[in-house]
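1. Next one to model:
(one chain, ligands or ions: 1)
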Amino acid sequence: LKRDNAQYLWHPMAHPQAMQKAKPDIIARGEGCWIWDVDGHRMLDGVGGLWAANLGHSNKAVRDAIVAQLDELPFYNVFRGTTHPRAIELSKRIVQTMEPDGVTAVFFSNGGSDAVEGALKLARQYWKLKGQADRHKFIALRQGYHGVHFGGMSVNGNLNFRRAYEPLLPGCFHVDTPWLYRNPYTQDLEELGEICATLLEREILFQGPDTVAAFIAEPIQGAGGVIVPPPNYWPRVREICDKYGVLLIADEVVTGFGRGGAMFGTRLWNVKADLWCLAKGISSGYVPLGATAIGAKVAEAFMDDPTGQAAVGHGYTYSAHPVAAAAALATLDQIEALDVPGNAARVGAHFQARARPFAERFSFVGDVRGMGLMLGIEMVADKATRATLPRGNPVAAKVAQAAYRRGLMVRISGPNLILSPPLVITREEVDFMVDALEGAFAEVEA
Ligand code: PMP
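-> Numbers count the residues shown, from 1 in each chain. As a prediction, the model looks like this:
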């Protein structure tokens with residue numbers, strides 16, 4: 001299997017020509033937190049299949065559930081007149097799991113972008129059912145990432161994911177992310193939380209509260225560079241949304257199912273959203289699955305609709321695919337049995353503590369931040385001025401290569417290195433990961 005033979009394959013978020021020259025690493029096997037490429041090179045999976053492979057790569061219970069489902073019923077639709085046992089079981093399981101968050105129903109799809117699309121569409125439909133069709137606008141964060149469909153793309157903050165596809169959905173607006181390292185306002189956490197919440201309030205007032213359907217954000221921003229908001233931010237956001245009747249959509253595609261050290265990111269701040277976007281960790285990457293969890297307020301508007309117009313005009317051939325639902329049920333069992341969020345909190349605290357000093361130690365590391373088992377290392381051209389590196393981030397590429405030679409797979413995202421290993425990682429494996437990173441940084445620094 002030669003790398004040159006990958007010429008027909010277009011990779012997401014990559015230049016087709018550049019990928020041919022870059023000769024992508026062909027990952028051939030995975031076991032636990034480890035992956036092997038076709039040449040037999042063994043690496044710790046510091047990327048975790050893009051925040052998805054939370055249970056690692058060879059969980060037997062999930063594998064067995066998938067095989068059993070293939071033998072029983074490989075496929076049938078959840079549609080108007082049909083459903084199947086795994087869909088019923090999984091919906092009940094998710095609602096039970098999220099009962100403390102106020103969730104009463106769930107809508108299934110095939111991945112994170114779908115989960116976001118479902119949330120945006122349900123939010124718009126909610127306001128129509130309430131007789132307030134003018135509430136059609138969405139507000140989101142400047143560094144936010146919400147997938148690739150036209151709705152999600154329109155609320156994405158990063159222009160790089162939007163530019164080639166404009167014009168997008170009208171009525172989408174962005175406010176500043178509560179980002180300590182690069183905000184122009186203050187380096188005081190508390191003050192920053194208040195300022196960024198106020199910016200949201202001002203935007204709602206500027207747009208006219210009666211025109212705003214929802215505010216959508218990630219509890220901790222992932223692709224934007226692992227940005228953990230100040231402690232007062234989310235509670236203030238909830239207050240503001242309540243004050244103006246704006247729905248709150250939590251995009252938990254990355255933070256859902258344990259990554260931040262709690263089962264859901266919103267729980268880290270004791271906040272309840274109105275709609276939650278779920279994917280990745282829901283099936284630990286074994287199969288594609290997305291879900292939009294629906295809070296009581298939104299669900300009731302559909303259930304109580306006196307006009308009889310409340311049909312959900314949204315859905316997929318593969319909504320709650322039986323194999324995906326079976327994998328998710330087994331994943332949820334494993335998350336509980338292995339106390340995955342607890343492990344992410346405990347081992348993650350060790351990971352964060354060991355990685356933070358990189359910001360003092362290496363001349364090109366400006367900021368190290370994160371929570372649980374998500375870590376962002378922002379690289380800079382000049383630490384004193386925080387000047388950014390040129391596009392393409394040559395330093396990160398060198399670090400990634402040096403890490404690869406040391407047996408660690410890392411992800412480069414703009415100016416950041418992002419680490420998001422499986423959530424079943426041990427303290428020893430975290431030490432391996434940090435040692436490899438440290439060695440790679442030292443090599444590039446020398
Ligand atoms: N929302 C967030 C917060 C994400 O990080 C991602 C993917 N990284 C998505 C949505 C889109 O998910 P998917 O790639 O499964 O469509």
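2. contacting residues around the closest residue to the ligand within the stretch 101-250 of the chain?
-> Closest approach between the stretch 101-250 of the chain and the ligand, counting by Cβ to the nearest ligand atom: residue 112, at 2.1 Å. For glycine as for every other residue, the C-beta is placed from the backbone atoms N, C-alpha and C. With contacts defined as Cβ atoms under 8 Å, 6 or more residues apart in numbering, residue 112 is in contact with 147, 251, 253, 277, 279-280, 290.
3. go on, residue 303?
-> residue 310.
4. So it versus residue 126, what's the distance?
-> Plainly put, residue 303 is 12 Å away from residue 126 if you go by Cβ to Cβ, to the nearest Å.
5. show me where the protein has helices.
-> Listed in chain order, the helices of the chain (DSSP state H) span 16-22, 48-51, 60-72, 85-97, 112-129, 150-155, 189-207, 233-244, 296-303, 322-337, 340-355, 358-361, 394-405, 427-445.
6. Could you list the residues of the stretch 201-350 of the chain in contact with the ligand?
-> 218, 222-223, 251, 253-254, 279 (Cβ under 6 Å from any ligand atom).
7. quick one: residue 174 and residue 143 touch, right?
-> No. Between residue 174 and residue 143 there is no contact under Cβ atoms under 8 Å: 9.1 Å.
8. So which of the helices of the chain is the most surrounded?
-> Highest mean neighbour count among the helices of the chain (mean count of other Cβ atoms under 10 Å): helix 112-129, with a mean of 25.
9. Using PDB, write down the CA coordinates of it.
-> Output of helix 112-129 as PDB, limited to C-alpha atoms (Å, rounded to 0.1, in the frame of the first residue of the first chain):
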ATOM      1  CA  GLY A 112     -21.700  16.700  14.700                       C
ATOM      2  CA  SER A 113     -22.600  19.000  11.700                       C
ATOM      3  CA  ASP A 114     -25.900  17.200  11.600                       C
ATOM      4  CA  ALA A 115     -26.500  17.700  15.300                       C
ATOM      5  CA  VAL A 116     -25.900  21.400  14.900                       C
ATOM      6  CA  GLU A 117     -28.200  21.700  11.900                       C
ATOM      7  CA  GLY A 118     -30.900  19.900  13.900                       C
ATOM      8  CA  ALA A 119     -30.500  22.400  16.800                       C
ATOM      9  CA  LEU A 120     -30.600  25.400  14.500                       C
ATOM     10  CA  LYS A 121     -33.700  24.200  12.700                       C
ATOM     11  CA  LEU A 122     -35.500  23.100  15.800                       C
ATOM     12  CA  ALA A 123     -34.800  26.600  17.300                       C
ATOM     13  CA  ARG A 124     -36.300  28.400  14.300                       C
ATOM     14  CA  GLN A 125     -39.300  26.000  14.300                       C
ATOM     15  CA  TYR A 126     -39.800  26.600  18.000                       C
ATOM     16  CA  TRP A 127     -40.300  30.300  17.500                       C
ATOM     17  CA  LYS A 128     -42.700  29.700  14.600                       C
ATOM     18  CA  LEU A 129     -44.700  27.400  16.800                       C
END
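10. Distance from it to the middle of the chain?
-> 17 Å (Cα atoms, centre = their mean, to the nearest Å).
11. before we move on, what about stretch 364-376?
-> Centre to centre, stretch against its chain (Cα atoms, centre = their mean), the figure for stretch 364-376 is 16 Å.
12. So which bits of it are buried?
-> 364-376 (16 or more other Cβ atoms under 10 Å).
13. Which of those fall within strands?
-> Judged by DSSP state E, the subset of these located in strands is 365-371, 374-376.
14. got those residues as a markdown table, with distance to residue 13 columns?
-> Output for these, formatted as a markdown table (distance: Cβ to Cβ, whole Å):
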| residue | distance to residue 13 |
| --- | --- |
| 365 | 24 |
| 366 | 23 |
| 367 | 23 |
| 368 | 24 |
| 369 | 23 |
| 370 | 22 |
| 371 | 25 |
| 374 | 19 |
| 375 | 20 |
| 376 | 17 |
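15. In this structure, what helix or strand scores lowest on average pLDDT?
-> helix 16-22 (a mean of 75; mean pLDDT, DSSP states H and E).
16. Please identify every residue contacting each of residue 174 and residue 143.
-> Joint contacts of residue 174 and residue 143 (Cβ under 8 Å, 6+ apart) are residue 157.
17. unless I'm mixing things up, residue 282 is touching residue 328, no?
-> Yes. Shown here, residue 282 and residue 328 form a contact pair, counting by Cβ under 8 Å, at 5.3 Å.
18. got the contact list for residue 343?
-> With Cβ under 8 Å, 6+ apart, residue 343 has these contacts: 258, 423-425.
19. Below-threshold pLDDT in the chain: ranges please.
-> Applying pLDDT under 70 to the chain flags residues 1-6.
20. contacting residues around residue 391?
-> Per Cβ under 8 Å, 6+ apart, neighbours of residue 391: none.
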